[in-house]
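Undergrad: model the following, please.
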Amino acid sequence: MGVDLSGTVAPVPESPVGREPSRPTGPDEGAGGRRFAVHLAPGRVLALASTVPAIVLAGWLVAVYPLVRAGVAAPLPAVAVAVPVVAVLVWPARRLPAVPRTPRWAVGATLAVVAAFAAVAASRHGEHVVLRRDPGVYALAAHWLASHGGLTIPTDLAVAGGPSPALTVESPGFYPVGPVGDAVVPQFMSGAAIALLPGGWLGGWTGILTAPAVYAALALLAAAGLVGRLVGPRWAPVGALVLGLSQPVMLTARSTLSEGTAQLLLLGGLCLLVDAVGTPRSPGASARPLAALAGLVAGVGPLVRIEATRETLLLVPVVGWLAARRRPQWLPLAAGLTAASAFGIWDAVGPSWPYVSDLTRVLRPLLALGAVLAAGTVAAVVATRRGALRALRGHRTAIAWAGAALVVGVAGYLFARPWLQVTHFPVDQTTRILEGLQRDQGLPVDGTRLYAEQTLRWVSWYVGWPALVAATAAAAVLVWRTLRVGDDRWGVTLLVLLASTALVLYRPGITPDHPWADRRLVPTVLPAVTLLAVCAVAAATRAARRRWARPGRERLVAAAGVAVLAVPAVIASWPLAVARTEAGEPAAVRGACAAFGPGDVALLVDARTRQEWMPALRQVCGVPTFGVPGQPTDNDATPAEVGVVVGRVRAAGGHPVLVAQSGGVLPRLARAPQRQVARLGTAEHARLLVRPADRLVPLSIELWVTPADAPAG
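TA: Predicted coordinates for the structure are as follows:
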């Protein structure tokens, strides 16, 4: 085969670490009277550290979500409900098998890498609060949730005389709900804000904005645990290091985005699943609870991020794989997956429905794929159980070769795709934005370009082509071996990660400016490439050991392999390694809040203010806030349009205050003196279309106000 991966796929029996009858230190393990010793051996530390954070997060989400729906998610009731739920879920973790043959230095190095990553990400966290992109939506939603216990935000239409075409309550990232738009709800699924909620309680804006660094670091620990289980514990710190050096992982850890949280849930769930199926064929009571827990942890992902539905659906054939092989873990895995998915569905048809309905064009193919996977899985399992596919057993080698060829073929297609296809999407609100970016960057102007054919190149920017080639070779060999010998541990992992990677690279479904588009690579693509590339380096190291039987040469091969993986990541990440974006925005919002008094009603009269400041003024400052749309809606309001809304506010007993992003707008709308209440010079990431982000660009934020008591003209 050219690459010997035999040391990476053999099933590992349940480790006896932690069970020492001569020194019982824990409660009874079961009815047989065996003792469970709480023994912090290195392998046990790695096993627990890579799974327990994901279990705790999943427990927090399922416990607090009903309180959020009821609008009562205050600290005391949330903690009172979450603690017993989390305790029940963590309890089966006492049966986690230790990662065998784990040296202390590997655990120490892994924890050091994760701690350094968390420290850098937290210290360089962004402060995206004035709304321009998705992180602002997540941050503002979490801030409101921490203060009010729910995610439904009233618009106070009564202070503007009720609903009227002359005003708007809608802004990017927040959908109006109710028969007259008397409330708004944030875009995206509710679980992301719930994950940030403890940070808001403990540290306000700082806690919300640094919480993603914690989740991303814990996801890195889960990735290291997966590498340790499948490749070997000595390679766990390498996996954490290579993944943590990737620029998309670094930047999402500094922003209030959902990808890091979703990555933690998926990789933690896969670690649990690998442990569950890695037990002997006639497992005891330990494997089934772990399988159920794996389904629950991975299956709650859609509550955090709607795109995680893809990985949830890909776990359906995993259930079928186990059922066809008569592994008893399939039923608890299916039960945990079903229970967790109910929360995502509950949210999708509830408060997140306006967002989900906007994604119909994207979700329809995914749901169709899910239906095909479910039907195909059931049919394959039934046929296998009835012996209809017994004839295929004699062709196992041919099937294995076909699987390996499929991996190489898909990789080859993704590589050649830029020469075969130019992807487009329908005209929408982003078309004009893309046209402007294309003009600025000297590119052919076509606002419908999706650039999705370039996705493999996106990955190559951050990991390098050698890592991609190594990962592809490892994937082909591992798929061949898994289909040939039926290794469940690699089987369940490869099925989810490889299929998800292919689907993401084929259809990323995101505005194609970088670094924003690169977040699509974070939950599955980069972890999959890292796992497989590290596996290839480990195989090369073992081959060197067998060939030369000299530790020096073996270490040289290992060091060279790690360098091939790490150096391209360092080079790509270096320009933005310590960059910090949008610093000072929370303070700017506080300054703006101080400009309003009791009874004031903010009327936003220009396009940029309606887009960027409406949620901050309404949700952070607590000021009734309305947009006065121009004709068409993206123009500045006219004196006549402002006069209509001002009259309505006065009739309702309020004090109208005109608000604009620029001091040049207000003088033609009111004669009263204007004053500047926010002024900030900060920076944001450049928005590049055909090359990786490598710099920041200046960002100026201003806010001007004037009383509307003396209308101009």
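Undergrad: what residues are up against residue 126?
TA: 135, 209, 254, 255, 256, 580, 581, 582, 583 (C-beta atoms under 8 Å, 6 or more residues apart in numbering). Every residue, glycine included, has its C-beta placed from N, CA and C.
Undergrad: ah, wrong one, I meant residue 354
TA: By C-beta under 8 Å, 6+ apart, residue 354 lies in contact with 175, 177, 185, 187.
Undergrad: pLDDT weak spots in the stretch 501-650 of the chain?
TA: 549-551, 631-634 (pLDDT under 70).
Undergrad: where do the strands sit along it?
TA: 600-604, 625-627 (DSSP state E, counting those that start in this stretch).
Undergrad: residue 55: which of these is closest?
TA: Nearest to residue 55, of all the strands of the stretch 501-650 of the chain, is strand 625-627, at 40.3 Å by C-beta to C-beta.
Undergrad: so what touches the closest one?
TA: Residues contacting strand 625-627 (C-beta under 8 Å, 6+ apart): 155, 160, 167-171, 601-604, 610, 613-614, 617-618, 645.
Undergrad: and stretch 429-436, what's buried?
TA: Of all the residues in stretch 429-436, those buried under the rule 16 or more other C-beta atoms under 10 Å are 434, 435.
Undergrad: low-scoring stretches of this structure, by residue?
TA: For the chain (pLDDT under 70), the answer is 1-39, 279-285, 388-394, 549-551, 631-634, 709-713.
Undergrad: give me the domain ranges for it.
TA: With domains defined by automatic domain parsing, the chain comprises 6-125+194-576, 156-174+582-707.
Undergrad: residue 131 is nearest to which of those?
TA: Taking those one by one with C-beta to C-beta, domain 156-174+582-707 is closest: 5.2 Å.
Undergrad: what about that closest one, how long is it end to end?
TA: 20 Å (C-alpha to C-alpha, to the nearest Å).
Undergrad: just stretch 649-669 next, same as before
TA: With C-alpha to C-alpha as the measure, stretch 649-669 spans 16 Å from end to end.
Undergrad: what sits against the residue nearest in space to the middle of the chain?
TA: Nearest to the mean C-alpha position of the chain, by C-alpha atoms, centre = their mean, lies residue 259 at 1.4 Å. Residues counted as contacts of residue 259 (C-beta under 8 Å, 6+ apart) are 252, 305, 519, 520, 522, 523.
Undergrad: greatest separation within the residues you listed: which pair is it?
TA: Within the contacts of residue 259, two members stand farthest from each other by C-beta to C-beta: 252 and 305, at 11.5 Å.
Undergrad: which residues of the protein fall in strands?
TA: 153-154, 174-177, 183-186, 600-604, 625-627, 655-660, 675-685, 696-707 (DSSP state E).
Undergrad: what does the third one rub up against?
TA: Same thing as strand 183-186. 137-138, 140-141, 144, 151-155, 169-171, 173-177, 193, 351-352, 354.
Undergrad: inside helices: which ones of those?
TA: 137, 138, 140, 141, 144, 193, 354 (DSSP state H).
Undergrad: shouldn't the second one be in contact with residue 187?
TA: No: with contact defined as C-beta atoms under 8 Å, residue 138 and residue 187 do not form a contacting pair (9.1 Å).
Undergrad: between those two, which one's more packed in?
TA: residue 138 (26 against 17; other C-beta atoms under 10 Å).
Undergrad: for the more buried one, what are its contacts?
TA: By C-beta under 8 Å, 6+ apart, the neighbours of residue 138 are 186, 188, 192, 193, 196, 256, 257, 258.
Undergrad: export the residues you listed as a markdown table, with columns for distance to residue 555 and neighbour count.
TA: Below are these laid out as a markdown table (distance: C-beta to C-beta, whole Å; neighbours: other C-beta atoms under 10 Å):
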| residue | distance to residue 555 | neighbour count |
| --- | --- | --- |
| 186 | 51 | 27 |
| 188 | 47 | 21 |
| 192 | 43 | 28 |
| 193 | 47 | 28 |
| 196 | 43 | 27 |
| 256 | 42 | 31 |
| 257 | 38 | 27 |
| 258 | 40 | 30 |
